[in-house]
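> Pasting the sequence and the predicted model now:
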Amino acid sequence: KLVFAVEAHRTAVQALASGGDVLFTGAGDGCVRQLSVLEDFACSDFFDAKDPVHSLVVRGKNVLVGCTRGRVLELARRRAGGRVLRQLLLGSSALARCLDAEPPEPGARVLALAADGR
């Protein structure tokens, strides 16, 4: 049974992460969008990564975004969108396919699995 049909991106969604009342989506168009679960999945822009998005993880009040060119961004969640807190570079030909992270505490680790993009 189809509950909602939502068009959030110009290209196929490649990543999905739950942030409680908000569902985050990432796609080949480089955009990360947020869908409000409480408002019938109303869609709004969260962040433009400028590169195709391959993975997403919600980490407390932050969102990790894995992109092509080996970039992993940690974004602070704000009402008006994300703000880059830090960037991890895995290598220019890498695709950040999978991400995981420990709870956001001092010394917490971010785990990234990269695949060669060639």
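Looks like it came in fine. What you see is a predicted model, and the numbers here were worked out from it, not measured in a lab.
> how distant is stretch 96-104 from the center of its chain?
Counting by CA atoms, centre = their mean, to the nearest Å, stretch 96-104 is centred 10 Å from the centre of its parent chain.
> in it, what counts as buried?
A96, L99, A101 (16 or more other CB atoms under 10 Å). C-beta here means a position set from N, CA and C on the backbone, and glycine is covered the same way.
> quick one: contacts for the first one?
Right, the one you point to is A96. H54, S55, G66, C67, T68, G70, R71, V72, L90, A112, L113, A114 (CB atoms under 8 Å, 6 or more residues apart in numbering).
> bridging residues for it?
A114 (DSSP bridges).
> what's the pLDDT at it?
Listed pLDDT for A96 reads 89.
> Okay, it and D51: tell me how far apart.
10 Å (CB to CB, to the nearest Å).
> Spit out the residues that contact the two alike.
Joint contacts of A96 and D51 (CB under 8 Å, 6+ apart) are C67, T68, R71.
> So the last one is in contact with L88, correct?
Yes: using CB atoms under 8 Å, R71 makes contact with L88 at a distance of 7.5 Å.
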